[in-house]
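J.: I would like the atomic coordinates for the input below:
(2 chains)
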Amino acid sequence: MRWFWLSPVVLAAALMFGTAIGETRIPFATVIDVLSVKLGLSHAEVDAIDMSVIWNYRLARAIVSACGGASLALSGLILQALLRNPLAEPYLLGISAGASAGAVSVSVAGIGAGIVSMSAGAFAGGLTAFALVALLAHAAGGSTGARGAGVIILAGIAGSQMFNALTALIIAQSASAEQARGIMFWLLGNLSGIRWPDTWLALPMAGLGLGLSLWHVRSLDAFTFGADSAASIGVDVHRTQIVLIGTATLITAIMVSLAGAIGFVGLVVPHAMRILVGSRHSRLVPATALAGAVFLVVSDVVSRIALPGQVLPIGVVTALVGAPAFAVIMIRGRKQ
Amino acid sequence: MTSTSVLDLTGVSRTVNGKIIVSDIDLSLKPGETLGLIGPNGSGKSTLLNMIAGLVRPSRGEINICGHSMAHMRRRKIARHIAFVAQQADTGERITVRDAVELGRTPWLSALRPWGPEDDEAVAQALGVVGMQTMVCRDWSSLSGGERQRVQIARALAQATPILLLDEPTNHLDIHHQIAILDLVERLPATIVIALHDMHHALRCDRILAMKNGRCIALGPPLEVLTPEIIGEIFAVEAMRIPDPAGGRPLFSFRSLT
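T.: Presented below is the predicted three-dimensional model:
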């Protein structure tokens, strides 16, 4: 735990990095000035536009990125531990597919008559898809014993396929080319609309995920030899699964509704952290939260500056890192 | 139920989709007693063990642990009374022998009761009993089948429970390791219920419960239960019991019924 005291420093450095770099070049000294003025530490004269870009746009965006990265990575960690499947990740349970279908239902098909926002549609869609996946898994006997983990993953695949088909159907039916491009951009993750009010949703959600995961570190460890083994060493398996998978679903759905479906964070970050700090969740939970936060903040910066004059969807960046890492994990799994 | 018994089963049954898996088992175990469960595959041994471990609920009947009804006990409390070594328990996680054994302390720990010196002591003691104290830092993936079984038993011992359940712990082990595990089990002071396939191993128990089609066919001391007639009935083989020329426990010889 020697590195633990470093984590606030690392997180602050990542947030500084996310705030200092962007499409428009602003001198680092100006960034420092703006932050110190806003935090009441100085009364330096700063340009109002710089102030707005740095404070309202970049810092809020960096904070939501950090919360999103931590939440997605923790959700992946929880699902990998409880479902005993190294390829589990939050989107496996249909959340991303459902959120996408919800978002296009609102923005393209016009459900909600303009009152419901795309985010709200995504949130509702994500939860609906998860509810259907959970029901299917339950009906197929997924809530009992060792078979359960396999069943819930199959149910998730079925649910994801259906909601992806629904999304494709709505786009094919009614979207213009311009709308389709906008939707694709959103589906791959888009943090450009983030402002301060979003942080008041993202921060408590990330805090909830981290707090509950830390409270349950021993229960998560207890699943090392499977659900029955966890039960025989005193873990209330059913309650733990409901609380933790429910939390993972909620925080994932919120993050997807804020920032779109950013893939691979939940899969890759927990595995990378297992290699670095080992399989014990007392170390793994804080390490995963921190690394997820830093990874997404850095990915967001890369997505803004990789191509001059053009912003990439953040999901493209995380997937370009994540997909090869996924392949490595699969090959390592075969060797075991 | 007698006041000195640690584990009592009354009319314990389990039915799944109308099929009877375990039917009307009555049992009462004294402290320190070792009960062997024998019976063919599918006779309900594992289901009975799973019910005693509290992993599946009986459809009918009641299980009492140290005078408490299991139906009203919380998981954590059950785990403080009963440790279970299941047949297959494997992991792909990179954990050490010590990590695996430390899991046994889970029912005694909480966010408000962190790891302490008594937990270190329990783990060290459990590792010593199974003779794994020099291998604490070995990776799980590098262990042989016999070593993994010993680690699982150490994990159960670290749980410090008065009752220990073992589901065919000698499966897939060579003769040397089979004997080592049975010697180990014999030395343990806990009340033990152990499912076994080998009649010679079963002879070492204090009592035997012979099962077929979920029913108790016989319950009593090994030499009274493991007779050619009863073995013949439950396994559908012709059995012969031969006195050991070295003066030890008798030997068995089996032939298929023709």
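J.: what residue lies at the spatial centre of chain A?
T.: Nearest residue to the geometric centre of chain A (Cα atoms, centre = their mean): A:L72, 2.9 Å.
J.: In what element of secondary structure is it found?
T.: helix A:60-83 (DSSP states H and E).
J.: quick check: angle from the helix or strand following that helix to helix A:60-83?
T.: The helix or strand immediately downstream of helix A:60-83 is helix A:95-107, counting by DSSP H and E. Here helix A:95-107 runs at an angle of 130 degrees relative to helix A:60-83 (axes from the mean of the first three to the mean of the last three Cα atoms, to 10 degrees).
J.: The helix or strand that helix A:95-107 is followed by close to chain B?
T.: Under the assignment DSSP H and E, the closest C-terminal helix or strand after helix A:95-107 is helix A:118-139. No - between helix A:118-139 and chain B, judged by Cβ under 8 Å from any Cβ of the partner chain, nothing touches; the nearest distance is 14.9 Å. Where C-beta positions appear, they are placed from N, C-alpha and C, glycine not excepted.
J.: and after helix A:118-139, which helix or strand comes next?
T.: Next in line after helix A:118-139, if elements are assigned by DSSP H and E, sits helix A:147-174.
J.: for that next one, which positions count as buried?
T.: Residues A:148-149, A:151-153, A:155-156, A:158-160, A:162-164, A:166-167, A:170-171 are the ones in helix A:147-174 that count as buried (16 or more other Cβ atoms under 10 Å in any protein chain shown).
J.: Just confirm B:T191 contacts B:P31, I think it does.
T.: Yes - taking contacts as Cβ atoms under 8 Å, B:T191 lies within contact range of B:P31: 5.8 Å.
J.: residues contacting residue 74?
T.: Answering for chain A, as no chain was given. A:G209, A:L210, A:S213, A:A248, A:I251, A:V285, A:T288, A:A289, A:G292 (Cβ atoms under 8 Å, 6 or more residues apart in numbering or on different chains).
J.: hm, I was asking about chain B
T.: Contacts of B:R74 by Cβ under 8 Å, 6+ apart are A:D236.
J.: Likewise for A:L296?
T.: Contacts of A:L296 (Cβ under 8 Å, 6+ apart): A:S65, A:A66, A:G68, A:G69, A:L72, A:I262, A:V265, A:I314, A:T318.
J.: what does the model give it for pLDDT?
T.: pLDDT, A:L296: 94.
J.: ok, now A:V151?
T.: At A:V151, pLDDT is 82.
J.: Next one: it from chain B, what distance?
T.: 17 Å (Cβ to the nearest Cβ, to the nearest Å).
J.: And for A:A70?
T.: Applying Cβ to the nearest Cβ to A:A70 and chain B gives a distance of 21 Å.
J.: Give me the neighbour count for that residue.
T.: 31 (other Cβ atoms under 10 Å in any protein chain shown).
J.: again with B:D206
T.: 16.
J.: can you check A:A259 too?
T.: 30.
J.: hmm, back to that, tell me the one of the contacts of A:L74 nearest A:G193?
T.: A:I251 (19.3 Å; Cβ to Cβ).
J.: where does the closest one land in three-state SS?
T.: Following DSSP: H, G, I helix; E, B strand; the rest coil, the label given to A:I251 is helix.
J.: List the contacts of it.
T.: So, once contact is read as Cβ under 8 Å, 6+ apart, A:I251 ends up touching A:S71, A:L74, A:S75, A:M205, A:A206, A:L208, A:G209.
J.: Would you convert those residues into a markdown table that also reports distance to B:H72 and pLDDT?
T.: Converted to a markdown table, those look like this (distance: Cβ to Cβ, whole Å; pLDDT from 0 to 100):
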| residue | distance to B:H72 | pLDDT |
| --- | --- | --- |
| A:S71 | 38 | 95 |
| A:L74 | 35 | 95 |
| A:S75 | 35 | 93 |
| A:M205 | 37 | 91 |
| A:A206 | 39 | 94 |
| A:L208 | 32 | 95 |
| A:G209 | 34 | 95 |
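J.: Relative to B:W140, which of those is nearest.
T.: A:L74 (24.7 Å).
J.: residues touching A:L244, list them.
T.: A:L244 neighbours (Cβ under 8 Å, 6+ apart): A:I78, A:L82, A:L212, A:S213, A:H216, A:S219, A:L220.
J.: Sticking with it, tell me its helix or strand.
T.: Per DSSP H and E: helix A:237-259 holds A:L244.
J.: returning to what we had before: of all the contacts of A:L244, which two lie farthest apart?
T.: So, these by Cβ to Cβ: farthest apart are A:L82 and A:L212, at 12.6 Å.
J.: what about those two, which has more around it?
T.: A:L82 (24 against 18).
J.: Look up how far A:T249 lies from that one.
T.: 12 Å (Cβ to Cβ, to the nearest Å).
J.: what do B:T191 and B:P31 both touch?
T.: Common neighbours of B:T191 and B:P31 (Cβ under 8 Å, 6+ apart) are B:V6, B:P162.
J.: Any idea how many residues pack against the residue nearest to A:S160 when sequence neighbours are not counted?
T.: The shortest distance from A:S160 to any non-neighbouring residue, by Cβ to Cβ, 6 or more residues apart in numbering or on different chains, is to A:A97 (4.1 Å). Neighbourhood size, A:A97 [other Cβ under 10 Å]: 29.
J.: Kindly report the same for B:G11.
T.: So B:G11, with other Cβ under 10 Å, has 12 neighbours.
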